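**Q** the following comprises the amino acid sequence and a computationally predicted model.
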Amino acid sequence: MNLQQRIDADIRSAMLAREKDRLNALRAIKSAILLELTKEGGGTDGISDEAGLRLLQKLHKQRSEAAAIFHEQGRPDLAGEDLAQAKVIEAYLPARLGDAEVEAAVRDIITELGATDMKAMGKVMIEANARMAGKADGGMVAALVKRLLAGG
């Protein structure tokens, strides 16, 4: 069952269970998928797994950032809605790696590539993004690579 089929099935179950917040999040995902399909030329095969993962990561990041902004502005009611949607979207993402696991993976990549200074950061980041796509925050990985290559 691909992502689009899972979302459709989950929309039906959320409707039957009358789960308003979950239904809103699932509808937002479905809308984003349909928009992505029209960008790709309207294929009927559905969205690829890779494109679906990128889309879900983008939606999750948007909801999380919006919730943080609402918290800063003293609007916990709106922040709660976005956090609830982010939690629903997170269920479709692969499990996140812990800080220690990410650091170990980055150290392995640096060793494999023989990277010794900041000039190799691009190579290390390309490999790290390929191996940990969807499993680690890109900003955290970039900061870790900088620290390790700078001799930290």
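**A** Arrived safely, thanks for sending. No experiment lies behind these values; they were computed from the predicted model shown. Numbering: from 1, shown residues only.
**Q** top helix in this protein by residue count?
**A** Across the chain, the longest stretch assigned as helix under DSSP state H is helix 49-72.
**Q** next SSE after that helix?
**A** Downstream of helix 49-72, the next assigned helix or strand under DSSP states H and E is helix 76-90.
**Q** can you give me how far that next one is from the chain middle?
**A** Chain-centre distance of helix 76-90: 15 Å, with CA atoms, centre = their mean, to the nearest Å.
**Q** look up the closest residue to the residue nearest to the spatial centre of the chain, ignoring the ones flanking it.
**A** In the chain, the centroid-proximal residue (CA atoms, centre = their mean) is residue 57; its distance is 2.2 Å. Distances taken as CB to CB, 6 or more residues apart in numbering place residue 134 nearest to residue 57, at 6.0 Å, with adjacent residues excluded. Bear in mind the C-beta positions are built from the backbone N, C-alpha and C, glycine included.
**Q** got the phi/psi numbers for residue 74?
**A** Main-chain dihedrals, residue 74, degrees, to the nearest 10: phi 70, psi 30.
**Q** can you check residue 18 too?
**A** Torsion angles at residue 18 (phi, psi; degrees, to the nearest 10) stand at phi 60, psi 50.
**Q** could you do residue 126 as well?
**A** phi -60, psi -50.
**Q** and the gap between it and residue 68?
**A** 29 Å (CB to CB, to the nearest Å).
**Q** swap in residue 53?
**A** Taken as CB to CB, the span from residue 53 to residue 68 is 23 Å.
**Q** and what of residue 74?
**A** 13 Å.
**Q** understood, closing this out.
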